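**Student:** please find the sequence and the predicted model below.
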Amino acid sequence: MEKMKRTFTYTFLSVVSLVSIFPFLWMIISATNKSVDVTKGKLTIGTQLLNNFKKLTETIDLGTAFWNSAQISIITTVLALLVGSLAGYGFEVYRSRARDAVFNILLMSMMIPFAALMVPLFKMFASIANSFPSLGINTLPAVILPTFTTAFLIFFFRQSTKMFPRELLEAGRIDGLRELGLFFRIYMPTMKTTYAAAGIITFMSSWNSYLWPLIVLQSPDKKTIPLLISNLGSSYSPDYGVIMTAVVISTIPTALVFFLMQKHFVAGMTGSVK
Amino acid sequence: MKTAKPSIYAFNRNRLTGWWFIAIAVIMIAAFYFYPMVQALLMSFKTGKGANLHYTGLDNYQRLFSDKTFLTAVKNTFIYLIIQVPIMIILAIFISVLLNDSKLKFKGFFRTAIFLPCVTSLVAYSIVFKYLFGVDGIINMMLTKLHLITEPIQWITDPFWAKVTIIIAITWRWTGYNMIFYLSALQNIDSSIYEAARIDGASSVRQFFGITIPLLKPIILFTSITSTIGTLQLFDEIVNITKGGPGNATMSISQYIYNLSFKYSPDFGYAATVSYSIVIMIVILSIVQFKAAGDK
């Protein structure tokens, strides 16, 4: 009985792992093969990676898209962490009845579907463009501004702040630090894991976001990676090798962030669920 | 005596400083969530093409009930919701319980492998799935070789199979994500509870339903609400795997709103009305889920 259970556990987990990994393997293998070989179902590493990459950079402006995506996700992540943690800390450390009420109202924004916001936001940035062209439609700030503050991150930081040792703040006050100084000099360094987990989540969702950039970025030189890939994928005579090369390249930054910070991520998530 | 003084100071500090810390976040969420939300509500009572809008009362809301595309989109979304969310949550709980076994080898490998789909962008994995599940794609090839099918399945172009493809795709992408929440919750459960149950002779099935499920209830509630909200907003996968087709067989509500606003000749008023139908559904379903979790 015990042995049967073991066998079942390992078989089941192996199958699930294989199913989870297979699309990655297929995408990497396909990126190294010619389109014809991909359609034939070739499942071995080929020699066409550089060729596919060359063809890709000839057909689309991958560099610009990569740079746009990088700017958007890095700035979004920095702003999101700063604003989200300031608020989460503020709500928890300076608790008051009025602020708790505000917190509950902010949480309600988590239930607002983006589909309900996209038209008014589009109109808002279209009218901003009339007086401030550098912030309106078709600019990177228009992608960043409405997305970097999320109730989820505020909630996440508030939950984690519950575990933060308050004595450190008292000690800092005695040392003569001001309230903002306490936050930057004591809270931030202590909560590194929480910042890491929040940073991974924010960076990934920003790098991968599709619908809002699709609406707000229209000129070709402003496109982000997901927009480019979506275009490639909808072509009528797809070159599978080339498209999969693009898909692999688009996945590298998020995969890298995840693997480099995996430990902090799991620790940070655990801290917030507790 | 000693404690009274600092607490008064703390109180004074609280009153003003606290607002400074939360100010930016409150302003940003008011400006980019609540203000547009009110705008959308006002817009939902207006009709007209492009910028030429005028109030027509509840006309748009009446139009919803006779709009075949809208009703199809709602039906599709609910099919995804009712079938996909339970499958994913049960699978995620089951995997996390297996992974939580302290004697399990290769735990790190399994966990990373199963979480891996979450690092892909929705667009990227959708395109991979579109090709994997093509008529002459690798999935059909493998099924044919294993003699499970004799004719290739029309994964993308048949109305029934297209929905199945979407459900498989979403489950692949999000199971590992939900698993992480269960796994961290399970790690916080005191193992002595299980030991006591074992001594009392409770089988592992009984332990699962008697201990694990009740203790995971808050996380189950959290993941089912977030998954429900996510499914009601489904967009990236549909657009990039099936484009909503064949016909409108896989179209989601979000895609319909996008089409109404940016693809067809823009009908912002009616699009806002359709988007409020999602708001209403999210509120109702969240209340139902809270009630269901509270009663048991």
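**Tutor:** Here it is on my side, so go on.
**Student:** just name the shakiest helix or strand of chain A by mean pLDDT.
**Tutor:** Between all helices and strands in chain A, the lowest mean by mean pLDDT, DSSP states H and E belongs to helix A:35-40, at a mean of 76.
**Student:** contacts for whichever helix or strand comes after it, please.
**Tutor:** Heading C-terminal from helix A:35-40, the first helix or strand you meet, by DSSP states H and E, is helix A:49-59. With contact meaning C-beta atoms under 8 Å, 6 or more residues apart in numbering or on different chains, helix A:49-59 is reached by A:A31, A:T32, A:L62, A:G63, A:D239, A:G241, A:V242, A:M244, A:T245, A:A246. Backbone N, C-alpha and C define where each C-beta goes, glycine included.
**Student:** so which of these are in strands?
**Tutor:** In strands, defined here by DSSP state E, there are no members of the contacts of helix A:49-59.
**Student:** format those residues as CSV; extra columns: pLDDT.
**Tutor:** Shown next, in CSV, are those (pLDDT from 0 to 100):
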residue, pLDDT
A:A31, 85
A:T32, 84
A:L62, 86
A:G63, 87
A:D239, 82
A:G241, 84
A:V242, 88
A:M244, 89
A:T245, 91
A:A246, 90
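**Student:** show me the helices in the stretch 51-200 of chain A, by range?
**Tutor:** A:62-93, A:97-108, A:114-131, A:140-144, A:151-161, A:167-174, A:179-181, A:188-190, A:192-208 (DSSP state H, counting those that start in this stretch).
**Student:** could you dump the ones you listed to TSV with distance to chain B and mean neighbour count?
**Tutor:** Output for the helices of the stretch 51-200 of chain A, formatted as TSV (distance: least, C-beta to the nearest C-beta, whole Å; neighbours: other C-beta atoms under 10 Å in any protein chain shown):
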stretch	distance to chain B	mean neighbour count
helix A:62-93	3	21
helix A:97-108	5	14
helix A:114-131	4	20
helix A:140-144	11	21
helix A:151-161	6	22
helix A:167-174	8	14
helix A:179-181	5	15
helix A:188-190	13	12
helix A:192-208	3	21
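**Student:** format those as JSON lines; extra columns: distance to A:S250.
**Tutor:** Listed next are these as JSON lines, based on distance: least, C-beta to C-beta, whole Å:
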{"stretch": "helix A:62-93", "distance to A:S250": "8"}
{"stretch": "helix A:97-108", "distance to A:S250": "32"}
{"stretch": "helix A:114-131", "distance to A:S250": "21"}
{"stretch": "helix A:140-144", "distance to A:S250": "17"}
{"stretch": "helix A:151-161", "distance to A:S250": "24"}
{"stretch": "helix A:167-174", "distance to A:S250": "41"}
{"stretch": "helix A:179-181", "distance to A:S250": "39"}
{"stretch": "helix A:188-190", "distance to A:S250": "31"}
{"stretch": "helix A:192-208", "distance to A:S250": "8"}
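**Student:** B:A25: which of the ones you listed is closest?
**Tutor:** Nearest to B:A25 among the helices of the stretch 51-200 of chain A is helix A:62-93; the distance by C-beta to C-beta comes to 3.6 Å.
**Student:** which strands and helices sit next to the closest one?
**Tutor:** When contacts are defined as 3 or more C-beta pairs under 8 Å, 6 or more residues apart in numbering or on different chains; DSSP states H and E, helix A:62-93 packs onto helix A:97-108, helix A:140-144, helix A:151-161, helix A:192-208, helix A:225-233, helix A:240-273, helix B:4-29.
**Student:** any weak-confidence spans in the stretch 151-296 of chain B?
**Tutor:** By pLDDT under 70, the low-scoring segments of the stretch 151-296 of chain B are B:294-296.
**Student:** in it, what residue comes closest to chain A?
**Tutor:** Distances between the stretch 151-296 of chain B and chain A by C-beta to the nearest C-beta are smallest at B:S275, namely 3.8 Å.
**Student:** tell me the phi and psi of B:G201?
**Tutor:** phi 80, psi 20 (degrees, to the nearest 10).
**Student:** which ones are touching it?
**Tutor:** So B:G201 contacts nothing (C-beta under 8 Å, 6+ apart).
**Student:** how close does it sit to A:S127?
**Tutor:** 70 Å (C-beta to C-beta, to the nearest Å).
**Student:** just B:N240 next, same as before
**Tutor:** From B:N240 to A:S127 the distance is 30 Å (C-beta to C-beta).
**Student:** now do the helices in the stretch 1-150 of chain B.
**Tutor:** Counting by DSSP H, counting those that start in this stretch, the helices of the stretch 1-150 of chain B are B:4-29, B:35-43, B:59-66, B:68-99, B:107-115, B:122-132, B:138-145.
**Student:** with just CA atoms, put the third one into PDB.
**Tutor:** Coordinates of the C-alpha atoms in helix B:59-66 are reproduced here as PDB (Å, rounded to 0.1, in the frame of the first residue of the first chain):
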ATOM      1  CA  ASP B  59     -31.300  51.600 -23.800                       C
ATOM      2  CA  ASN B  60     -27.900  50.100 -23.700                       C
ATOM      3  CA  TYR B  61     -28.800  47.800 -20.900                       C
ATOM      4  CA  GLN B  62     -31.900  46.600 -22.800                       C
ATOM      5  CA  ARG B  63     -29.800  46.000 -25.900                       C
ATOM      6  CA  LEU B  64     -27.600  43.500 -23.900                       C
ATOM      7  CA  PHE B  65     -30.400  41.000 -23.700                       C
ATOM      8  CA  SER B  66     -31.000  40.900 -27.400                       C
END
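**Student:** what mean pLDDT does it have?
**Tutor:** Helix B:59-66 comes out with an average pLDDT of 84.
**Student:** thanks again, I'm all set now.
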